[in-house]
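Asker: Sequence isn't available, so here's the structure alone:
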C-alpha cells in the first residue's frame, strides 16, 4: 500500500547499520511511510544499568527501563546522548536519578510506555519540576517516600505549569493565578503544596467557584527583600468559597499582609476570617470583604469537645442510674425470698428438663451403688435419714481403716500428667498397672496412651518399657467397645528383671479405658457406675468399718484426676444433696432409701461390731467389706 498514512516500517536503534545501507533502505521504501534511523543510532539496552553500554553513541532509541530492585545506574564521563523514546523507573532502590543528566536532549514517543518514575521508596527528587520540563509529560510520584520534601519554582499557573508541579510540597517564588475564564485541568496537582516562599496571588478570574485546591497549605513566607502582600485575592467574579483551613503562618515585611477584596460572590465562615486576622497579627494588617456563611452547626462544632464530654458524661450517668436500679430490684427480690423461705433462693433451682436428668442420676446412685465394699453407704451420701455422730472422732477412724481402704480401692490408674522424658516416673506407673489383673483408666484422649505413654493401641502392637535393666513388654491382643465411652484392651505382659531374659506371659492384663469428654457432662451415671462395678474380689470378710471414712480421708490426697475412689463417693454425695436442695426427689425414690432389705441387712450384722466408737451411736451400721 503506497502513501500509507502511518509508518508501516520502523528501523531504529541499530548501531552497526551503515550510512549506505540506510540510504538504500530509504530509496527502496520511498513509497512507504518509514521511520528510519540515522547512522550510529543505538538501541537502549534492557535492563538499563550502565551508561558504558552506550559508549560511542550520540543518539539512542527505545525505552529506558530501570528494573525493580536496582540500587545504582553507572554513569560514564564519555557518554552524552540524545534519547528518543520514553522512561520507566519503577519500584527500585535508587536514591537519586542524576544519571538522567547525561541525556542532553529528549524526544517523547507517544504511547510507547507509561513514561513514569513511580513507587521508589528510597528516591527523593527535590526538584521534580526540572525533570518534568526536560522529559516532557514525565509522571513523577514520590508519595511512598514520606521523608522527601520536593521543591518547585513558582510562576504563572496555567495548564503547562500544572503538569510540572504535581507532587510538589514547596513553591519557591510567587504562585500566581490570573486571568482565568474557567479553571484549567489538573488543578488537583496543587493539593500537595504545603509551603509557599513567596506570595499567593489570585486575581482577575471568573467562574472559579469553590477554590479548595490549596487545602494543605500551611505556610506563606514572603522574602524580606520583597514588599508584597502574603495573600492577594482580588477581582474574582466567580469565586464563591475559599478553603485555607490548615494555614498556620503568614509572614511578610509589608504592613498590609492579607488582602481579600472585590470578590462579589465570596462567602467565608467567620471562624476562618478570625483565623486570618490572628495570622496577620491583627485586623489592622488585613483588608477582607466577605459574606458570612456560618451556620448553627458550625457554632456547635466550635464547641465540639465540650459537646462530646457532655454526651459521654450523660451516658455514664444514665448507666449508673440503670445499674443502681437493677441492683435495687435484685436486692428487694432477694429480701422477699428470704422472708418467704427463710433463706435466699438456691442458685440450683432447675428447669423441668434438668430436674428429670438429676432424678435419673439419683436413681442410678441408689440402685447401682458402685462402692466396692458390699455395704450400705447411704449414711454418707444421704445424711437426712438419721444423725451422723461419727464426726467426733474421725481422725481415729481414718487411722484405723486407711490401710484397708487403700488396699481395696477401685483399680484406677493414675492419670496425672508426667514430666517429659522422666523414665523413672513412667516405669513406676507401668509397675502399678501390671500389679493388677483389671485396671480402669480414665482420660480425655482418644486412646489410653494418654494415661500410660507409648501403650500399644493398634492390634498386634508391642512396646517395651525399660529402666535400669528391668523391662515390661505389652502386646495388644484384642480391643472391644464395651460401652459408648468405654473400650476394653486385652494385653499380654512379658517381664524381665535386671540382667534376665523376657519370660513367657504368665498373666493377661485387662484395661478398661473410659474416655471423659471434658466439655460435656454425661447425662446419666449408667456407664461410669457399671464401670466401677467391674472389680469385685472373690472373697469377702466381715469387718466393722464406718464408710464415711472413705470420703473424709484428707482431701489433699486426691490426685486431681477425673474420679478416684474417694472422689466417686463425693460426687454421689453432691448429686444427692443437689437433688434434695432443688426439691427434685419424688416419693418413690425416697421410699427406696428406707427399704426393709437394708434394715434387715444391718440387723443381721449388728452382733459383729467391734469398734467401740460404732457401738454407741452407730449401732446397726456395721458393714461387710471385700478383701
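Answerer: Received, thanks. The structure presented is a predicted model; accordingly, all values stated were derived computationally and were not measured.
Asker: When you work out contacts or count neighbours from here on, use the C-alpha atoms and nothing else.
Answerer: Will do.
Asker: what residue ranges in the stretch 201-350 of the chain score low on pLDDT?
Answerer: Applying pLDDT under 70 to the stretch 201-350 of the chain picks out residues 298-303, 332-350.
Asker: For it, just list every one of the strands.
Answerer: 209-211, 219-221, 231-234, 239-242, 249-251, 258-261, 267-268, 286-288, 291-292 (DSSP state E, counting those that start in this stretch).
Asker: Counting by contacts, list what the longest strand along the chain packs against.
Answerer: Assignment by DSSP state E gives strand 470-483 as the longest strand of the chain. Here strand 470-483 touches strand 462-467, strand 486-496, going by 3 or more Cα pairs under 8 Å, 6 or more residues apart in numbering; DSSP states H and E.
Asker: re earlier: among the strands of the stretch 201-350 of the chain, single out whichever gets nearest to residue 512.
Answerer: Closest to residue 512 of those, according to Cα to Cα: strand 219-221, at 84.1 Å.
Asker: So which elements touch that closest one?
Answerer: Identification of packing neighbours for strand 219-221 by 3+ Cα pairs under 8 Å, 6+ apart yields strand 195-197, strand 249-251.
Asker: what's the most buried one of those strands?
Answerer: Compared across the helices and strands packed on strand 219-221, strand 195-197 shows the largest average neighbour count, a mean of 22 (mean count of other Cα atoms under 10 Å).
Asker: Give me the sheet partners of that strand and which way each runs.
Answerer: strand 170-178 (parallel), strand 219-221 (parallel) (DSSP bridges).
Asker: Tell me which of the ones you listed is the most buried.
Answerer: Most buried among those, counting by mean count of other Cα under 10 Å: strand 219-221, with a mean of 21.
Asker: ok, and what's touching that strand?
Answerer: Under the criterion Cα atoms under 8 Å, 6 or more residues apart in numbering, residues 194-200, 230, 247-252 lie in contact with strand 219-221.
Asker: Quick check: the farthest pair among the residues you listed?
Answerer: 194 and 252 (17.2 Å).
Asker: okay, those two: which has more neighbours?
Answerer: residue 252 (23 against 20; other Cα atoms under 10 Å).
Asker: The more buried one against residue 223, yeah?
Answerer: Yes. At 7.0 Å, residue 252 counts as touching residue 223 under the criterion of Cα atoms under 8 Å.
Asker: Outline the domain layout of this protein.
Answerer: With domains defined by automatic domain parsing, the chain comprises 41-144, 149-302, 350-408+536-627, 411-534.
Asker: any idea which of the ones you listed scores lowest on pLDDT?
Answerer: When those are compared by mean pLDDT, domain 350-408+536-627 comes last with a mean of 49.
Asker: how about stretch 187-200: buried residues?
Answerer: Using 16 or more other Cα atoms under 10 Å as the test for burial, stretch 187-200 gives 187, 189-200.
Asker: how about those residues in JSON lines, adding distance to residue 125?
Answerer: Converted to JSON lines, the buried residues of stretch 187-200 look like this (distance: Cα to Cα, whole Å):
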{"residue": "187", "distance to residue 125": "22"}
{"residue": "189", "distance to residue 125": "17"}
{"residue": "190", "distance to residue 125": "18"}
{"residue": "191", "distance to residue 125": "18"}
{"residue": "192", "distance to residue 125": "15"}
{"residue": "193", "distance to residue 125": "15"}
{"residue": "194", "distance to residue 125": "17"}
{"residue": "195", "distance to residue 125": "17"}
{"residue": "196", "distance to residue 125": "18"}
{"residue": "197", "distance to residue 125": "19"}
{"residue": "198", "distance to residue 125": "22"}
{"residue": "199", "distance to residue 125": "24"}
{"residue": "200", "distance to residue 125": "24"}
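Asker: Looking at the residues you listed, which is nearest residue 23?
Answerer: Nearest member of the buried residues of stretch 187-200 to residue 23, counting by Cα to Cα, is residue 189, at 47.1 Å.
Asker: Please list all residues in contact with the closest residue to the closest one other than its chain neighbours.
Answerer: In space, and not counting its chain neighbours, residue 189 is closest to residue 166: 4.6 Å by Cα to Cα, 6 or more residues apart in numbering. By Cα under 8 Å, 6+ apart, the residues touching residue 166 are 140, 189-190, 192.
Asker: try residue 510
Answerer: Contacts for residue 510 (Cα under 8 Å, 6+ apart) come out as 437-439, 488-491.
Asker: so what's it bridging to?
Answerer: residue 438, residue 490.
Asker: Can you tell me how far it is from residue 453?
Answerer: 17 Å (Cα to Cα, to the nearest Å).
Asker: Please work out how many residues are found near the residue nearest to residue 241 when sequence neighbours are not counted.
Answerer: Closest residue in space to residue 241, ignoring its immediate chain neighbours: residue 210 at 4.5 Å, by Cα to Cα, 6+ apart. The tally of other residues near residue 210 (other Cα under 10 Å) stands at 14.
Asker: One more: residue 277?
Answerer: Using other Cα under 10 Å, residue 277 has 19 other residues around it.
Asker: Next: residue 152.
Answerer: For residue 152, using other Cα under 10 Å, the count is 22.
Asker: list the contacts for it?
Answerer: Each residue near residue 152 by Cα under 8 Å, 6+ apart is listed here: 127-129, 165, 168-172.
Asker: Farthest-apart pair in the residues you listed, please.
Answerer: Greatest spatial distance among those (Cα to Cα): 128 and 172, at 12.9 Å.
Asker: shared neighbours, those two?
Answerer: Common neighbours of residue 128 and residue 172 (Cα under 8 Å, 6+ apart) are 151-152.
Asker: hang on, the earlier thing: between the helices and strands packed on strand 219-221, which gets nearest to residue 97?
Answerer: Checking the helices and strands packed on strand 219-221 against residue 97 by Cα to Cα gives strand 195-197 as the closest, at 24.7 Å.
Asker: So what touches that closest one?
Answerer: Residues outside strand 195-197 that contact it (Cα under 8 Å, 6+ apart) are 169-175, 217-223.
Asker: CSV for these, including distance to residue 291?
Answerer: CSV is the format used below for those (distance: Cα to Cα, whole Å):
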residue, distance to residue 291
169, 31
170, 31
171, 30
172, 32
173, 31
174, 27
175, 25
217, 23
218, 24
219, 25
220, 24
221, 27
222, 28
223, 32
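Asker: so which of the residues you listed comes closest to residue 444?
Answerer: For the contacts of strand 195-197, the nearest to residue 444 is residue 169 (66.4 Å; Cα to Cα).
Asker: nearest spatial neighbour of that closest one, skipping sequence neighbours?
Answerer: Nearest non-adjacent residue to residue 169, counting by Cα to Cα, 6+ apart: residue 193, 4.2 Å away.
Asker: For the closest residue to residue 102 other than its chain neighbours, grab the count of nearby residues.
Answerer: When the adjacent residues along the chain are set aside, residue 102 lies closest to residue 80, with 5.1 Å between them (Cα to Cα, 6+ apart). Neighbours of residue 80 under the rule other Cα under 10 Å: 20.
Asker: quick revisit: selection in ChimeraX covering whichever of the contacts of residue 510 are buried, please.
Answerer: In ChimeraX, this line selects whichever of the contacts of residue 510 come out buried by 16+ other Cα under 10 Å:
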select :438,439,488,489,490,491
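Asker: from the contacts of residue 510, which is closest to residue 119?
Answerer: Among the contacts of residue 510, residue 489 lies closest to residue 119 (Cα to Cα), at 67.4 Å.
Asker: rewinding a little: which pair in the contacts of residue 166 spans the largest distance?
Answerer: Of all pairs in the contacts of residue 166, the most separated under Cα to Cα is 140 and 190 at 14.3 Å.
Asker: got the residue ranges for the strands in the stretch 401-550 of the chain?
Answerer: 438-443, 462-467, 470-483, 486-496, 508-515, 540-543.
Asker: rewinding a little: isn't the residue nearest to residue 102 up against residue 106?
Answerer: No. Residue 80 is beyond contact range of residue 106, at 11.7 Å (criterion: Cα under 8 Å).
Asker: sorry, back to before: quickly note the distance from the residue nearest to residue 189 to residue 146.
Answerer: 16 Å.
Asker: and residue 121, what does it touch?
Answerer: 91-93, 142, 144-145.
Asker: Look at it and give its secondary structure.
Answerer: Assigned state for residue 121: coil (three-state reduction, DSSP: H, G, I helix; E, B strand; the rest coil).
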